[in-house]
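Visitor: Mind folding the following:
(2 chains)
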Number of protein chains: 2
Amino acid sequence: MWRAFTDPELVAQWWGRGNPLEIERMEVERGGHWRYVEHSEGESHGFEGRYREVTPEERFERTFGWDGMPGYVSVETTELEDLGDGRTKVVVIALFHTTEERDGMLGYGMADGMAESYAALDGLLAELGS
Amino acid sequence: MWRAFTDPELVAQWWGRGNPLEIERMEVERGGHWRYVEHSEGESHGFEGRYREVTPEERFERTFGWDGMPGYVSVETTELEDLGDGRTKVVVIALFHTTEERDGMLGYGMADGMAESYAALDGLLAELGS
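Guide: Residues are numbered from 1 along each chain as shown, chains lettered A, B, ... in the order given. I've put the predicted structure just below:
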């Protein structure tokens, strides 16, 4: 599961929800940068940030920003918990500076987009597991 | 007063608290980047971020990070209020993602550093006004 979140080739297969995704940078280490560009309906959407804490196989924290709202930065924490039997619990927390910023991001369709991404991740995991 | 916060030549004279300060980037507009490097006691300290809202002469919001803690990003809001008689009230608010991050930054001497910077700004303004 760690690879699905940190290996550019795997991330490219689910994070874009079926849209082509370029992984321009992905330095999974403290202070490393990441930048993804998603192509959809003739538009490009860039997302980027910086890893601030990385515990391999277990947890990472990184900042998250979207080109459309420069300077509005949330912190995304991803935790993987091994449940045994080949199952892993994934907990992702997004922390915003203010309630308004959180609601603004939800207004841009963040929740639907995440649901589509995780559905794509489920599909990828099923393929990898087969 | 706006120039003291946005003109690189003026910022270089007070922000570093008497230490040499290089202004590597300073694009005072929505989405623009800024980066300052302060030299002190043989060490270099980089600070950087991105402008997210700019209302000339009145107000700007920008993200603020320090190289020593990559990915820990606060939002700094600076408001200038004209009080008449050549006086300006400056309100600077730093917003952190968590109380721990705020306290961590205070632990690095942020408050003392800011007091030194503002003392240097007072000196610069006195010079410019004379």
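
Visitor: Would you mind measuring from the residue of chain A positioned farthest from its centre to A:Glu127?
Guide: No residue in chain A sits farther from the centre than A:Asp85, which is 24.9 Å out by C-alpha atoms, centre = their mean. According to C-beta to C-beta, to the nearest Å, A:Asp85 and A:Glu127 sit 19 Å apart. Bear in mind the C-beta positions are built from the backbone N, C-alpha and C, glycine included.

Visitor: Check A:His45 too.
Guide: Per C-beta to C-beta, A:His45 is found 25 Å from A:Glu127.

Visitor: Looking at those two, which is more packed in?
Guide: Of the pair A:His45 and A:Glu127, A:His45 is the one with more neighbours under other C-beta atoms under 10 Å in any protein chain shown, namely 15 against 9.

Visitor: didn't that one look like it was pressed against A:Asp67?
Guide: Yes. At 6.7 Å, A:His45 counts as touching A:Asp67 under the criterion of C-beta atoms under 8 Å.

Visitor: quick one, phi psi at A:Glu9?
Guide: phi -60, psi -30 (degrees, to the nearest 10).

Visitor: Could you do A:Leu95 as well?
Guide: Main-chain dihedrals, A:Leu95, degrees, to the nearest 10: phi -110, psi 120.

Visitor: residue ranges of the helices in chain A, please?
Guide: Taking DSSP state H as the criterion, chain A carries its helices at A:2-6, A:8-14, A:99-107, A:110-129.

Visitor: Mind checking those for the one nearest to B:Val92?
Guide: Proximity to B:Val92 (C-beta to C-beta) singles out helix A:99-107 among these, at 19.5 Å.

Visitor: Between helix A:110-129 and the closest one, find me the angle.
Guide: If you take axes from the mean of the first three to the mean of the last three C-alpha atoms, to 10 degrees, helix A:99-107 sits at 60 degrees to helix A:110-129.

Visitor: residues contacting the nearest residue to A:Leu125 once chain neighbours are set aside?
Guide: In space, and not counting its chain neighbours, A:Leu125 is closest to A:Ala4: 6.6 Å by C-beta to C-beta, 6 or more residues apart in numbering or on different chains. Going by C-beta atoms under 8 Å, 6 or more residues apart in numbering or on different chains, A:Ala4 touches A:Leu10, A:Val11, A:Trp14, A:Leu121, A:Leu124, A:Leu125, A:Leu128.

Visitor: The first one - how many residues pack around it?
Guide: Burial of A:Leu10, expressed as a neighbour count using other C-beta under 10 Å, amounts to 18.

Visitor: Quick check, pLDDT for the residue nearest to it when sequence neighbours are not counted.
Guide: Once flanking residues are discounted, A:Leu10 sits nearest to A:Ala4: 5.0 Å by C-beta to C-beta, 6+ apart. Note on A:Ala4: pLDDT of 95.

Visitor: Let me know how buried the nearest residue to A:Val11 once chain neighbours are set aside is, in neighbour terms.
Guide: Among residues not flanking A:Val11 along the chain, A:Ile23 sits closest, at 6.1 Å (C-beta to C-beta, 6+ apart). Using other C-beta under 10 Å, A:Ile23 has 17 other residues around it.
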